[in-house]
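Okay, predicted coordinates and the sequence, questions at the end:
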Amino acid sequence: MMAVRHGLFVALVLLAGIGGAVMAPAGAAAFTCPETTAAGAPGTALSLSDLYSGANDVTAGNRLGELMTDLRRSGMKPALIVDHLIGAYCPLVAADGTLSDQQKADRVRRFARLVTGLAYVPTNPDEVDVLVQTALTPDLLRQIDEAAGRAGVTRDEWIERAIDRQLANP
């Protein structure tokens, strides 16, 4: 349990540092990627271009899973996996001239949350949880929170039950 807490703390510190590094204050320089040279990182450069451009969610998710497995097999610790993957992904986002600096920062931040969640999942669980992110309006989120409160469960438990009910009776 202590190792999990330590790992989550490291992830939060890493995300805070990356969030601060990619978010430029008003009037500051343009979007730049943080320095992410990881000691102990594998010598081969990662190719994440298929995660950024031209891949659907399933293809990108599969490729990210393969990369995560390869990095774990190499003995890399979760914090370094996150650092390494963000270091490979951020330049792809930075080079996208169609995005504003804020959009670039948001995209890297979402990717950082995703890979952090994946990096800290146990390597051999019996059942692997899959994190699904979706944008909800504040009004819908309030309704979900109220329904979860009435049911005496957490938001996540309520959403999971609602999905299970819907799948059982489409």
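That came through, no problem.

Okay, buried residues for stretch 64-79 please.
For stretch 64-79, the neighbour count (16 or more other C-beta atoms under 10 Å) marks 64, 67-68, 71, 76, 78-79 as buried. From N, CA and C alone the C-beta is placed, and that goes for glycine too.

swap in stretch 141-151?
Buried residues in stretch 141-151, counted by 16+ other C-beta under 10 Å: 144, 148.

tell me the mean pLDDT over that stretch?
Averaging pLDDT along stretch 141-151 gives 92.

now stretch 77-96
The model assigns stretch 77-96 a mean pLDDT of 87.

and the gap between Val115 and Gln133?
Using C-beta to C-beta, to the nearest Å, Val115 is found at 13 Å from Gln133.

ditto for Asn169
For Asn169, the distance to Gln133 - C-beta to C-beta - is 25 Å.

from the buried residues of stretch 64-79, which single one is nearest Gly97?
Closest approach between the buried residues of stretch 64-79 and Gly97, by C-beta to C-beta: Leu64, at 24.2 Å.

Give me the subset of the buried residues of stretch 64-79 that lies in helices.
64, 67-68, 71, 78-79 (DSSP state H).

returning to what we had before: more neighbours, Val115 and Gln133?
When Val115 and Gln133 are compared for neighbours, Val115 comes out ahead with 23 against 8, by other C-beta atoms under 10 Å.

avg pLDDT for stretch 158-165?
Averaging pLDDT along stretch 158-165 gives 91.

For this protein, give me the ranges with low pLDDT.
For the chain, applying pLDDT under 70 flags the ranges 1-29, 36-61, 122-131.

Strands along that one, start to end?
Per DSSP state E, the chain has no strands. Nothing in it meets that criterion.

Could I get the full set of helices for it?
2-22, 49-52, 57-73, 78-94, 101-119, 138-151, 155-168.

Can I get the ones you listed in TSV including distance to Ala30?
Shown next, in TSV, are those (distance: least, C-beta to C-beta, whole Å):
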stretch	distance to Ala30
helix 2-22	11
helix 49-52	19
helix 57-73	26
helix 78-94	9
helix 101-119	6
helix 138-151	31
helix 155-168	37
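
ok, the buried residues of stretch 64-79 vs Thr154, which is closest?
Taking those together and measuring to Thr154 by C-beta to C-beta, the closest member is Pro78, at 24.7 Å.

What's the separation between that closest one and Ser100?
The value you get for Pro78 to Ser100, if C-beta to C-beta is used, is 31 Å.

again with Asp156
For Asp156 relative to Ser100 (C-beta to C-beta), the value is 32 Å.

do the same with Trp158
Distance, Trp158 to Ser100, using C-beta to C-beta: 35 Å.
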